[in-house]
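In: Pasted the sequence and its predicted model underneath.
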Amino acid sequence: MSGELQHYDLPFWKKYIFSQDHKVIGIQYGITALIFLFFGFLLMLLMRWQLAYPGQPLPVIGKWFGEANMPDGVMLPEFYNQLGAMHGTIMVFLGVVPLAVGAFGNYLVPLQIGAPDMAFPKLNMASFWVYFVGGVIMLVSFFVPGGAANSGWTSYPPLANIATTGQTYWLLGMVFLITSSLLGSVNTITTIFQLRAPGLSFFRLPFFVWGQLIAAFLLLLAFPPLEAAGVMQLMDRVFHTSFFMPTGLMISGQPLDISGGGSVLLWQHLFWFLAHPEVYVLILPAMGIVTEIITNNSRKPLNGHKLMIYSVIFLGFMSFIVWAHHMFLTGMGTAISTFFQATTMIISIPSVIILSYLFITLWGGSIRFNTPMLFALAFLPMFGIGGLTGLPLGLSTSDIHLHDTYYVIAHFHYVVAPGTIFALFAGIYYWFPKATGRRMNELLGKIHFWPSFIFMNVIFMPMFIQGLAGVSRRLYDGGASYDFAQGVLHLNKISTHGAWGLAIVQIPFIINFVWSIFKGQKVESDNPWEATTLEWAAPNCPPHGNFLKPVKAYRGPYEYSVPGAKKDFSPQFEEHT
Amino acid sequence: MDFTKFFPLPVVASAHGHEVDLVIYLIHALMFVLFLGWGFFFIFTLIRFRKGKNPKASYTGVKNHISSYVEVGVALFEAMILIGLSIPFWSKQVNAFPTRTDTMEVRIVAEQFAWNVHYPGPDKKFGKADPKFYDKQSNPLALDRQDPNGKDDVVTINQLYLPIGNPVIIHLTSRDVIHCFSVPAMRVKQDILPGMSIPLWFTPTKRGKYEIACAQLCGIGHYRMKGYLTVESQEEFDSWLAQQISANAESGGDDDFWN
Ligand code: HEM
Ligand SMILES: [Cu+2]
Ligand SMILES: [Cu+2]
């Protein structure tokens, strides 16, 4: 790597555009993913208008979307379905995963393990650019005839097979996104196995690195089946094969000219074989971030550190054998449903253990409530709600009533929105000084946190009630045409107003983020939070190659308040404390 | 205080509905207890161990094993619901179909965006269907009216009539995309997969008119793919059926179009 260090005067485009430095790539991922998150959020705001005010013209901006989507500002169901499918796809595959894994993973894993870079810097660059192309394809798909994909982020055939051209773009885009994740996961795994600093045994790895390692394994092993399935659906659409098309289909009364003989369930199995582990890809990096911040700001070692590591390994393994709990209602018999119910109940145990230890770690601490800590603390009960409400969906009996209702929407949004997204915000506030040498403003941070916390609950809590009342998801009118939904329809307005509120209180974040890059308060120390892990041994805005002198790990990652030590933190990289 | 009052569940109108609700109540009870327990611990800890109150953190923290007991408790409770309720329920409701002689059988063919209901009539035999007889308006199920079994068959669209108290088996098929047959009041929901015929059964126990919803995204009309289930007395049902059959015979036997 010392050879690498000499190429200091790279031309601009090599340094910032086609960079091979994991930190630059991490930031590229981060900015791109934040923009996509924002875009996915805007799509959802449009949907929320239609759900709260079905059939009413959207004032002022409604007309901008064209006659094909919103004639006179009134949304058509065609457009609603596009928005739904693309909100889900963009949030998951272009927003949260690239931010959690591509940005945080890329930026922090080498620093936290004391490595000069990722194991394969060129591959790393390739994975970002492949992701970028996938994102562009998804965006372009809004402008093809018939608009973007409209069969849900799950793209179940036959509906997806007979959908408009946008679905073909969706599949192509997914092939790029999956390829990008596969390249990235190979890189992360190799890096963690090969490039750890001397003394950094697996049990001394920060929990964040563990989260990234397990997430990388999940991506590596779960994505290939979906990539295969995506190519098969592409064949069905473009070359008229019938992998997912059974014999005898009639669309609007016309027999479909296909050979038939395929299976619609095959897609669901292949899809959920990825998409369930994918949920853990969304959550493990978040747990990692939260663990770092909670230990740091309670000035305490992590309780049950080893047990947490065993739990996360077990969780990763189990996440491969629960997928069919998304398919209880496809006509599943008792034997299979018993298996998937049992695995689902079992996987709840390590999640409960991890969450419990994060709570317990706070006991006896000396807790500081700065902005990153507030977001990290809020993650715990929010993820708790998301996780617990998975239980009734994992029991096939209660799933009969709750399947495909707003209860499901509320459940997984508690996991990913006030859960993962809060953890990601926490991480941005926490590592901002390392990346920029400046702090984000605390006051603006708190103005960002408190209303966000309230609005998230205003948005999603009512959806549990609607779901229990039986309102289906993916309804263009939010349930307005059903009598049994009338009693809970007014909640649609509450959710929507909450979403507006949430949008508004992101403004302080955006201002804070941009302003602090240039004008934020400079930090004097390389270790402003008085933390213990290796990334704080590197100078702020670490140069290409990361560390100025070789690093070594002398102890575990969370040695805070060690009795007899001079300071209340004993960094991994200091021999004597 | 009745815990179940907090749940905005729809009325239950089927024999097994309460069993579904029981699982919902029990698992939510576990969730509430856990959440409140964690919540109290969390808030107490944040206040008690804030920096101002506790300037020096403890290196060891919690030494007892209460959390392990909690985890074992959670696991046991989950196992109880799973083994005691959910698995037996599934094997009864999904694998063991009623054999009583008064069991009704109905076929439903879903399509974008309607429910075609097919009654076998008094002979309890479904008439044959063949795509060549298909006509969107007059014969949406493509029934062969010459088939003796089909003479007394009745077809309705978006209207399902059932007598109260009899078990009913519904054979669900789709001719285009995946739909999902959902009647919240009956606590039944079943995906309908093209290429497969999936049976479902329940016993309606309350008279009334209930909504049938499609619960799986099936295209632009998904939100309005709505039907009605009317549960009435056996006599009312029988006279309705007889009326339909005679109307069929009068109109030459090929037309019964309810909307
Ligand atoms: C914080 C703001 C968010 C709000 C208010 C929101 C709102 C919604 C709503 C209302 C729906 C249901 C639409 C329907 O059923 O018709 C939905 C669907 C969905 N959302 Fe979100 N969402 C948010 C963030 C996220 C995030 C961060 C993710 C993922 C990481 C996400 C992933 C999804 C997915 C996968 C679907 C299902 C799409 C489908 O039906 O195919 N959402 N969201
Ligand atoms: Cu449908
Ligand atoms: Cu539907």
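Out: Now that the structure is in, tell me what you want to look at. Ligands and ions are numbered 1, 2, ... in the order given.

In: The residue nearest in space to the middle of chain B and chain A, how far apart?
Out: What sits nearest the mean C-alpha location of chain B, by C-alpha atoms, centre = their mean, is residue B:188, with 1.3 Å. Applying C-beta to the nearest C-beta, to the nearest Å, the value for residue B:188 to chain A is 7 Å. Bear in mind the C-beta positions are built from the backbone N, C-alpha and C, glycine included.

In: which residues sit in contact with that residue?
Out: A:400, B:14, B:181-182, B:200, B:202 (C-beta atoms under 8 Å, 6 or more residues apart in numbering or on different chains).

In: Next, give phi and psi for it.
Out: When read as degrees, to the nearest 10, the backbone of residue B:188 gives phi -120, psi 140.

In: Show the pLDDT at it.
Out: In the prediction, the pLDDT value recorded for residue B:188 is 95.

In: Distance check, it against ligand 2.
Out: Going from residue B:188 to ligand 2 by C-beta to the ion, to the nearest Å gives 15 Å.

In: circling back: hmm, which two among the contacts of residue B:188 are most spread apart?
Out: With distances taken as C-beta to C-beta, the most widely separated pair in those is B:14 and B:181, at 13.6 Å.

In: Please name the residues that touch residue 36.
Out: Let's take chain A. Residue A:36 touches A:90, A:94-95, A:98, A:135, counting by C-beta under 8 Å, 6+ apart.

In: So which of these wins on neighbours?
Out: Of all the contacts of residue A:36, residue A:98 has the most neighbours under the rule other C-beta atoms under 10 Å in any protein chain shown, reaching 32 neighbours.

In: Kindly provide the distance from it to residue B:100.
Out: 57 Å (C-beta to C-beta, to the nearest Å).

In: How many residues are close by residue A:401?
Out: For residue A:401, the neighbour count with other C-beta under 10 Å is 24.

In: Strands of the stretch 151-259 of chain B, residue ranges please.
Out: Using DSSP state E, counting those that start in this stretch, the strands of the stretch 151-259 of chain B run over residues B:154-157, B:159-163, B:168-174, B:179-183, B:188-192, B:198-202, B:208-214, B:226-232.

In: Of all these, which one is nearest residue A:488?
Out: Judged by C-beta to C-beta, the one of the strands of the stretch 151-259 of chain B that comes nearest to residue A:488 is strand B:208-214, at 13.9 Å.

In: So what's the gap between the closest one and the chain middle?
Out: How far strand B:208-214 lies from its chain's middle: 10 Å, per C-alpha atoms, centre = their mean, to the nearest Å.

In: isn't residue A:378 right next to residue A:418, touching?
Out: Yes: contact criterion C-beta atoms under 8 Å: residue A:378 and residue A:418 qualify, at 6.8 Å.

In: remind me which residues of the stretch 101-250 of chain A are low pLDDT?
Out: Nowhere does the stretch 101-250 of chain A drop to pLDDT under 70.

In: Tell me the residues on chain B that lie near ligand 3, please.
Out: B:214, B:218, B:222, B:225 (C-beta under 5 Å from the ion).

In: Count residues in the vicinity of the last one, would you?
Out: Neighbouring residues of residue B:225 were enumerated by other C-beta under 10 Å; the total is 25.

In: Among the contacts of residue A:36, which ones are in helices?
Out: Counted as lying in helices by DSSP state H, out of the contacts of residue A:36, are residue A:135.

In: for chain A, which spans come out with low pLDDT?
Out: Short version for chain A, where the test is pLDDT under 70: A:1-8.

In: center of it, which residue is that?
Out: Short answer for chain A (C-alpha atoms, centre = their mean): residue A:96, at 3.0 Å.

In: Quick check: closest non-adjacent residue to it.
Out: residue A:282 (5.4 Å; C-beta to C-beta, 6 or more residues apart in numbering or on different chains).

In: Same check on residue B:103?
Out: Using C-beta to C-beta, 6+ apart, the closest residue to residue B:103 is residue B:167 (4.7 Å).

In: On the three-state scheme, whichever residue of chain A sits closest to ligand 2 is what?
Out: Taking C-beta to the ion, ligand 2 has its nearest neighbour within chain A at residue A:159, 9.4 Å off. What DSSP: H, G, I helix; E, B strand; the rest coil gives for residue A:159 is coil.

In: Now do the contacts for it.
Out: Counting by C-beta under 8 Å, 6+ apart, residue A:159 makes contact with A:151, B:177-178, B:217-219.

In: out of those, who's nearest residue A:561?
Out: Closest to residue A:561, out of all of these and judged by C-beta to C-beta, is residue B:217, at 52.9 Å.

In: got any ranges where the stretch 1-150 of chain B has weak pLDDT?
Out: For the stretch 1-150 of chain B (pLDDT under 70), the answer is B:1.

In: where's whichever residue of it sits closest to ligand 1 relative to residue B:200, distance?
Out: Here the stretch 1-150 of chain B gets closest to ligand 1 at one residue, residue B:113, 16.3 Å apart by C-beta to the nearest ligand atom. In this structure, residue B:113 and residue B:200 are 20 Å apart, going by C-beta to C-beta.

In: Please say which of those two ends up with more neighbours.
Out: Neighbour tally, residue B:113 and residue B:200, criterion other C-beta under 10 Å: the higher count belongs to residue B:200, 22 against 18.

In: Wait, that one touches residue B:187, no?
Out: No: in this structure residue B:200 lies outside contact range of residue B:187 using C-beta under 8 Å: 11.4 Å.

In: Give me the pLDDT value at residue B:253.
Out: 45.

In: so does stretch B:169-183 get close to ligand 1?
Out: No: judged by C-beta under 6 Å from any ligand atom, stretch B:169-183 stays clear of ligand 1, getting no closer than 13.5 Å.
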